[in-house]
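Undergrad: Whatever this is, show me its structure:
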Amino acid sequence: MKQLRSTVIRAGLEALYFSGAHHLLRPIFSGVGAIFMLHHVRPRDARAFQPNHHLEIEPAFLRAVLSHLRACEIDIVTMDEVYRRLAERDFSRRFAAFTLDDGYRDNRDHALAVFREFDAPHIVYVTSDFAAGTGRLWWVALERAIANAENIEVEIGGRMTHVEAGTPAQKQAAFDRLHDWLRALPGEHDVSREVSSLCARCGVDESAISRELCMSWDELKAFAGDPLVTIGAHTITHPNLARQREDVALNELRTGRERIEAALARPVLHLAYPYGDRCAAGPREFALAKAAGFKTAVTTRPGMLFPESAGHLTALQRISLNGNYQDERILPVLTSGAATAMWNGFRRIDAAELSTAVAVLDSSPCRAQNLRQFKRRKKCSRICFR
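TA: Okay, here's the model as predicted:
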């Protein structure tokens, strides 16, 4: 299913490019700016089985994106400047910001040099448990467990299920199935239990992954000293906030921020929601981010920035730089806003309805009841991706 989805998206991007439709849509949907979303930036691995490849781009593609923006005379700015331009309605020039989630070491080792070439500021959203070396990157652990296995036995929906994983194609199918199953489990402890069990059976040291892939506090302190780097917050443990009790979710936001501020001795004013899709960040989370004191918070919902984004500063949309679509031809399509406009049914602000609901819910004496009713009306798709 995900392979088909990827093929359809690629076909859509190419259709927009070759038809020239993005030129027609640009004046309407390019907006005033864009926030680009990245995770890993590193050279391509030659392994046949890489189900998390969509979370990484190569340094050369990042260089191509930056070159394209400079050629288009689009300002590359910090998230502080994004906030200022939206809040003050300063739209004299189009702008773009670069955001990197989780705090991976390759952000320093491979991305920073490219950003320096273009004098381009960027923000890295840090999950504090990852920096401490105690966090669990379960999607990486799942990949490694399946890579080690020929077949897998798991209990899904109360029934023991046998999943073949002998070939790269079978491994990809197994990952897709187990990933969606894990994202649909009721709580974070359920995900942790199932992934830990699978890692134990497949000989994967799950506890070592964050230390291997993510910058430590000492590394982040040196990294944050670069004038192009801003550090933002990405919670303590990287949970699906929408599935946490309100007090737990607020603690994830506040304590994650406080730990970064204590370790790096600098204020942290910007947030990225873990997962960040409709399943993980909605009206309650947008309100909690504001209550926690963040100036901005970014989702993973696709979209450009528009003047009306100023009313939704804790529900900002982003443009994913996806490892499956590293083709320079699509860059004019991405910056035109045509692709995200089509994805959003030609709505400019996908999160607007939800953000508007926050104000209504916050002002109501029956906030909790209204929120439950609102969430029931907004069904969440089960096809949610990391």
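Undergrad: So which residue is smack in the middle of this structure?
TA: For the chain, the residue sitting closest to the mean C-alpha position, by CA atoms, centre = their mean, is residue 300 at 4.8 Å.
Undergrad: and that residue, what does it touch?
TA: Applying CB atoms under 8 Å, 6 or more residues apart in numbering, we find residue 300 in contact with 37, 273, 275-277, 318, 320. Where C-beta positions appear, they are placed from N, C-alpha and C, glycine not excepted.
Undergrad: let's see 7 Å
TA: If you count contacts by CB atoms under 7 Å, 6 or more residues apart in numbering, residue 300 has them with 37, 275-277, 318, 320.
Undergrad: How far does the helix or strand containing it sit from its chain's centre?
TA: Using DSSP states H and E, residue 300 maps to strand 296-302. Distance of strand 296-302 from the chain centroid (CA atoms, centre = their mean, to the nearest Å) equals 8 Å.
Undergrad: Output that strand in CSV, but only the C-alpha positions, please.
TA: The C-alpha coordinates for strand 296-302 follow below in CSV (Å, rounded to 0.1, in the frame of the first residue of the first chain):
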residue,chain,number,x,y,z
THR,A,296,5.8,28.5,17.2
ALA,A,297,5.0,24.8,16.8
VAL,A,298,5.3,22.9,13.6
THR,A,299,3.3,19.9,12.4
THR,A,300,4.0,17.4,9.6
ARG,A,301,0.8,18.5,7.7
PRO,A,302,1.8,19.5,4.2
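Undergrad: quick one: average pLDDT of it?
TA: Strand 296-302 shows a mean pLDDT of 97 in the predicted model.
Undergrad: repeat for stretch 179-188
TA: Looking at stretch 179-188 alone, the average pLDDT works out to 91.
Undergrad: Pull out the buried positions in that stretch.
TA: For stretch 179-188, a neighbour-count test (16 or more other CB atoms under 10 Å) marks 179, 182-183, 188 as buried.
Undergrad: From the residues you listed, which land in helices?
TA: 179, 182-183, 188 (DSSP state H).
Undergrad: which residues of the stretch 201-350 of the chain fall in helices?
TA: If DSSP state H, counting those that start in this stretch is used as the criterion, the helices of the stretch 201-350 of the chain fall at 209-213, 217-224, 246-264, 283-291, 331-336, 338-343.
Undergrad: Make JSON lines out of the ones you listed and add mean neighbour count.
TA: Supplementary listing: the helices of the stretch 201-350 of the chain in JSON lines, determined by neighbours: other CB atoms under 10 Å:
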{"stretch": "helix 209-213", "mean neighbour count": "18"}
{"stretch": "helix 217-224", "mean neighbour count": "16"}
{"stretch": "helix 246-264", "mean neighbour count": "18"}
{"stretch": "helix 283-291", "mean neighbour count": "23"}
{"stretch": "helix 331-336", "mean neighbour count": "22"}
{"stretch": "helix 338-343", "mean neighbour count": "22"}
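Undergrad: I'd like those laid out as a markdown table, including mean pLDDT and distance to residue 22.
TA: Formatted as a markdown table, the helices of the stretch 201-350 of the chain follow (pLDDT from 0 to 100; distance: least, CB to CB, whole Å):
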| stretch | mean pLDDT | distance to residue 22 |
| --- | --- | --- |
| helix 209-213 | 98 | 35 |
| helix 217-224 | 98 | 36 |
| helix 246-264 | 98 | 37 |
| helix 283-291 | 98 | 30 |
| helix 331-336 | 91 | 4 |
| helix 338-343 | 82 | 4 |
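Undergrad: Output the ones you listed in TSV, with distance to residue 51 appended to each entry.
TA: Conversion of the helices of the stretch 201-350 of the chain to TSV gives the following (distance: least, CB to CB, whole Å):
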stretch	distance to residue 51
helix 209-213	15
helix 217-224	27
helix 246-264	26
helix 283-291	27
helix 331-336	23
helix 338-343	22
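Undergrad: between those helices, which one is nearest to residue 313?
TA: Taking CB to CB as the criterion, residue 313 comes closest to helix 283-291 out of the helices of the stretch 201-350 of the chain, the separation being 7.9 Å.
Undergrad: quick one, strands of the protein?
TA: Assigned by DSSP state E, the chain shows strands spanning 33-38, 40-41, 56-57, 75-76, 95-102, 122-126, 151-156, 159-164, 229-233, 270-272, 296-302, 316-320.
Undergrad: Tell me how far the first one lies from the chain's centre.
TA: Chain-centre distance of strand 33-38: 10 Å, with CA atoms, centre = their mean.
Undergrad: Need the contact partners of stretch 56-70.
TA: Counting by CB under 7 Å, 6+ apart, the neighbours of stretch 56-70 from elsewhere in the structure are 38-44, 76, 96, 110-111, 114, 117-118, 120, 321, 323, 326, 328, 331.
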